[in-house]
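Trainee: What follows is a predicted structure for the sequence shown.
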Amino acid sequence: MSAPKDSRLTLSTVLLLMTPPLLWAGNAIVGRVMQGVVPPVTLNFLRWVLALALLLPLAGWVVRPGDRGMWPHWRRFTLLGLLGVGCYNALQYVALKTSTPINVTLVAASMPVWMLLLGRLFYGVAISRLAALGAALSIAGVVVVLTRGELDQLRALQLVPGDAWVLLAAMLWSWYSWLLARPRPGEDPAHIKSDWAAFLLAQVLMGVAWSGLFAAGEWLTLPPQPVGGSAIQWGWPLAAALVYVAVGPSLLAYRCWGAGVARVGPAMAAFFSNLTPLFAALMSATLLGEPPRLYHAVGFMLIVGGILVSSRR
């Protein structure tokens, strides 16, 4: 996937790129609910172990020894697994210890800016005026949702450590997306890249190794548990959460994101990620029994306007 095949937004492309933000918003809600049930980095590890188990029957051939498998390209998949599997979601779960789902997804909405900057600095992709305007509109929509339509609330806005963690996650995800879109010659064999399950499995296998390493470090820093106690509260709530985050935000979202990036490129795809805070706000409001407000609609229109402006040639 050396370059996007077509930068135009078709209905199928829009649906592809709207699916990950919806699933990621749910991921933020689940990550917040699971605080106190399972340590955040361990949650990320368990999530990807389950995703790995689901992918193996679909594309187990890619992990077998031989020239047709992933091993001749292990460096490539090790880096992708580190960024997209080992770091991105773990940092989000860590951020949710001190921040809310809406705040986490809002800070992550800086992603279009990082996409544009990385593309300009490392891939020579010029930042057009329309792209800059689109980024500004999308971020304005995020600010409207954040302040609930009252810009005076910006003065009272307080950042917490979790916001810094998710900002780092957004930078790493931007790098991951550019690596997907602009591989060096020979890095992505056609027979692996054409099989979405094989391509994702190769990343997840390496990502699980990174996640396990990070989870081990987390357990070394956990406070001592009382006799008979456990840092993980096993039960149906945790099982249901793991099934959701393994199937939805992991397999489906990564599949749709990779396909969408292949069509329109990472810079354009990043604007759709700004729908995540809107979906998170709507989900939070629904769970709390609060109806959507006017500022949700205004924010949505600004975010969509940013997508439309940036997609113009």
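Mentor: Nice, thanks for sending it over.
Trainee: Next, the contact list for Thr19, please.
Mentor: 252-253, 256 (Cβ atoms under 8 Å, 6 or more residues apart in numbering). C-beta here means a position set from N, CA and C on the backbone, and glycine is covered the same way.
Trainee: which SSE is it in?
Mentor: Assigned by DSSP states H and E, Thr19 belongs to helix 11-33.
Trainee: from the chain's centre, how far out does that helix sit?
Mentor: 9 Å (Cα atoms, centre = their mean, to the nearest Å).
Trainee: Output that helix as PDB, nothing but the C-alphas.
Mentor: Extracted C-alpha coordinates of helix 11-33, given in PDB (Å, rounded to 0.1, in the frame of the first residue of the first chain):
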ATOM      1  CA  LEU A  11     -20.300   5.700   1.100                       C
ATOM      2  CA  SER A  12     -18.500   2.400   1.700                       C
ATOM      3  CA  THR A  13     -15.300   4.300   2.700                       C
ATOM      4  CA  VAL A  14     -17.200   6.600   5.100                       C
ATOM      5  CA  LEU A  15     -18.800   3.500   6.700                       C
ATOM      6  CA  LEU A  16     -15.400   1.900   7.000                       C
ATOM      7  CA  LEU A  17     -13.900   4.900   8.700                       C
ATOM      8  CA  MET A  18     -16.900   5.600  11.000                       C
ATOM      9  CA  THR A  19     -16.900   2.100  12.400                       C
ATOM     10  CA  PRO A  20     -13.500   2.400  14.300                       C
ATOM     11  CA  PRO A  21     -14.500   5.600  16.200                       C
ATOM     12  CA  LEU A  22     -17.700   4.100  17.300                       C
ATOM     13  CA  LEU A  23     -16.000   1.000  18.600                       C
ATOM     14  CA  TRP A  24     -13.200   3.000  20.200                       C
ATOM     15  CA  ALA A  25     -15.700   5.200  22.000                       C
ATOM     16  CA  GLY A  26     -17.200   2.000  23.500                       C
ATOM     17  CA  ASN A  27     -13.600   0.900  24.300                       C
ATOM     18  CA  ALA A  28     -13.100   4.000  26.400                       C
ATOM     19  CA  ILE A  29     -16.300   3.500  28.300                       C
ATOM     20  CA  VAL A  30     -15.400  -0.200  29.000                       C
ATOM     21  CA  GLY A  31     -11.900   0.800  30.000                       C
ATOM     22  CA  ARG A  32     -13.200   3.300  32.500                       C
ATOM     23  CA  VAL A  33     -15.700   0.800  33.900                       C
END
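Trainee: so after that helix, what's the next helix or strand?
Mentor: helix 40-59.
Trainee: and that next one with helix 11-33, angle?
Mentor: Between helix 40-59 and helix 11-33, the angle comes out at 140 degrees (axes from the mean of the first three to the mean of the last three Cα atoms, to 10 degrees).
Trainee: What are the buried residues along helix 40-59?
Mentor: 40-52, 54-56, 59 (16 or more other Cβ atoms under 10 Å).
Trainee: Run through the residues that contact the closest residue to Leu79 other than its chain neighbours.
Mentor: The shortest distance from Leu79 to any non-neighbouring residue, by Cβ to Cβ, 6 or more residues apart in numbering, is to Leu179 (6.9 Å). Neighbour list for Leu179: 79-80, 83 [criterion: Cβ under 8 Å, 6+ apart].
Trainee: The host helix or strand of Leu179: which residues count as buried?
Mentor: Per DSSP H and E: Leu179 is located in helix 161-181. For helix 161-181, burial by neighbour count (16+ other Cβ under 10 Å) applies to 162-163, 165-167, 169-181.
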